[in-house]
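Student: A predicted structure for the sequence below; I have some questions about it.
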Amino acid sequence: MALAAGVLAVAGCTPGPPPPAPSSSPPGARATASAAVPAAGKVFSDEELMALMDRAINSAEKGTGRVAKTGDLRARLQDRPNSATLPAVEPAECGAFRPRSSPTGPADLDMNFAAGVLTLTGEWSRDSVAFVLARSGPRDDVLAADFAYTEEQSSRCSTFVQAGQPDASPSTVLLFAVPAVGEKAYATVVLPQETPGTPHAGSTVALQALLGNVSFGLSREAPPGTYASADEYAIVLQPLVRLAKKLVAETAASLAPGTGPSAAGTSTHPYDRPTAQPPA
């Protein structure tokens, strides 16, 4: 959460029936009519990604989210040591499925990016905040960074185990398909395993989506409660799916010749209502 808190700070914040739900079938490349945009060559600049993200997370209703100044984040990342090795997973091939919703170190400077944060409920609280990272670069680089997996691999990784940090227990990871979002998308639910005598850690849901030369990573903590099935976690993912569709729609509009900013994705759902300034 330390890095995510940094995004909050730079963004001017302090921590503080919808579309079909994702299914539990393996993820893969799924083109959609709304995302049938040529994948040709457009690499978005930091400034273009910031503007695109601002339109998507706020739509026509200002006040829902904040986009960090990428220049400020770049300055912070330049001085930050490279992140520690990512937690090991079993099977090892399942390490390909790691959605990224915050920049973490100097390695992120190799691509153009924008990072933002928004509230899903109108209140700024730990389980209502979602983090968003958009990155753009040459398509081969984007695919290698976030989508270097096969259909067969995704089938084998429907459930896998992620090692815990030194003071944390391992986690079970569930892999979800996310149909009808961009060209390719998947989601994960990270479930820390319970250890006797220690407080139960919260679960994290995350999503990664691709359109053209842009990759979007989103994450949130699951609200407290008991989740008895994968379908219940799919419901928790729905706000991220809606947001990913907005990001994809804005990207598609930006790629279409002769069109300006799109209002696609504007919603009156309570998740998207305007909110007061985040707490100081």
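Tutor: Perfect, I can see it now.
Student: make it CA atoms for all contacts and neighbour counts henceforth
Tutor: OK.
Student: quick one: the helices in this structure, in order.
Tutor: Assigned by DSSP state H, the chain shows helices spanning 2-10, 46-58, 70-79, 139-146, 151-156, 230-255.
Student: quick one: which of those is nearest A168?
Tutor: Closest to A168 of the helices of the chain is helix 2-10 (Cα to Cα; 15.9 Å).
Student: and the closest one, average pLDDT?
Tutor: For helix 2-10, the mean per-residue pLDDT is 40.
Student: can you check stretch 128-145 too?
Tutor: For stretch 128-145, the per-residue pLDDT averages 94.
Student: quick one on the thing from earlier: could you dump the helices of the chain to TSV with mean neighbour count and distance to D110?
Tutor: Output for these, formatted as TSV (neighbours: other Cα atoms under 10 Å; distance: least, Cα to Cα, whole Å):
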stretch	mean neighbour count	distance to D110
helix 2-10	18	18
helix 46-58	22	12
helix 70-79	15	11
helix 139-146	16	10
helix 151-156	15	27
helix 230-255	22	21
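Student: export those helices to JSON lines and tack on distance to P106?
Tutor: Below are the helices of the chain laid out as JSON lines (distance: least, Cα to Cα, whole Å):
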{"stretch": "helix 2-10", "distance to P106": "13"}
{"stretch": "helix 46-58", "distance to P106": "15"}
{"stretch": "helix 70-79", "distance to P106": "5"}
{"stretch": "helix 139-146", "distance to P106": "15"}
{"stretch": "helix 151-156", "distance to P106": "29"}
{"stretch": "helix 230-255", "distance to P106": "25"}
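Student: quick one: closest of those to F113.
Tutor: Across the helices of the chain, closest to F113 is helix 46-58 (Cα to Cα), at 5.2 Å.
Student: quick check: angle from the closest one to helix 70-79?
Tutor: 110 degrees (axes from the mean of the first three to the mean of the last three Cα atoms, to 10 degrees).
Student: what sits up against helix 46-58?
Tutor: Applying Cα atoms under 8 Å, 6 or more residues apart in numbering, the contact partners of helix 46-58 are 64-70, 112-116, 118, 134-135, 243, 246-247, 250-251, 261, 265, 272.
Student: for PyMOL, what selects the buried ones among these?
Tutor: Remark: buried members of the contacts of helix 46-58, expressed as a PyMOL selection using 16 or more other Cα atoms under 10 Å:
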select buried, resi 64+65+66+67+68+69+70+112+113+114+115+116+118+134+135+243+246+247+250+251+265+272
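Student: which of the contacts of helix 46-58 fall in strands?
Tutor: Of the contacts of helix 46-58, the ones assigned to strands by DSSP state E are 65-67, 112-116, 118, 134-135.
Student: identify whichever of the helices of the chain lies nearest to P99.
Tutor: Nearest of these (Cα to Cα): helix 139-146, 7.4 Å.
Student: from the contact counts, what lies against the closest one?
Tutor: Of the remaining helices and strands, those touching helix 139-146 by 3 or more Cα pairs under 8 Å, 6 or more residues apart in numbering; DSSP states H and E are strand 214-221.
Student: each with direction, which strands does the strand it packs on pair with?
Tutor: Strand pairing for strand 214-221, using DSSP bridges, gives strand 129-136 (antiparallel), strand 204-211 (antiparallel).
Student: for the protein, which residues score under the pLDDT cut-off?
Tutor: By pLDDT under 70, the weakly predicted segments of the chain are 1-40, 60-63, 82-84, 166-167, 195-201, 228, 258-280.
Student: coming back round to it: out of the ones in strands among the contacts of helix 46-58, the closest to A96 would be?
Tutor: Among the ones in strands among the contacts of helix 46-58, and counting by Cα to Cα, the member closest to A96 is R135, at 17.0 Å.
Student: now that closest one. Nearest residue, chain neighbours left out?
Tutor: What sits nearest to R135 in space, not counting adjacent residues and going by Cα to Cα, 6 or more residues apart in numbering, is F113, at 4.2 Å.
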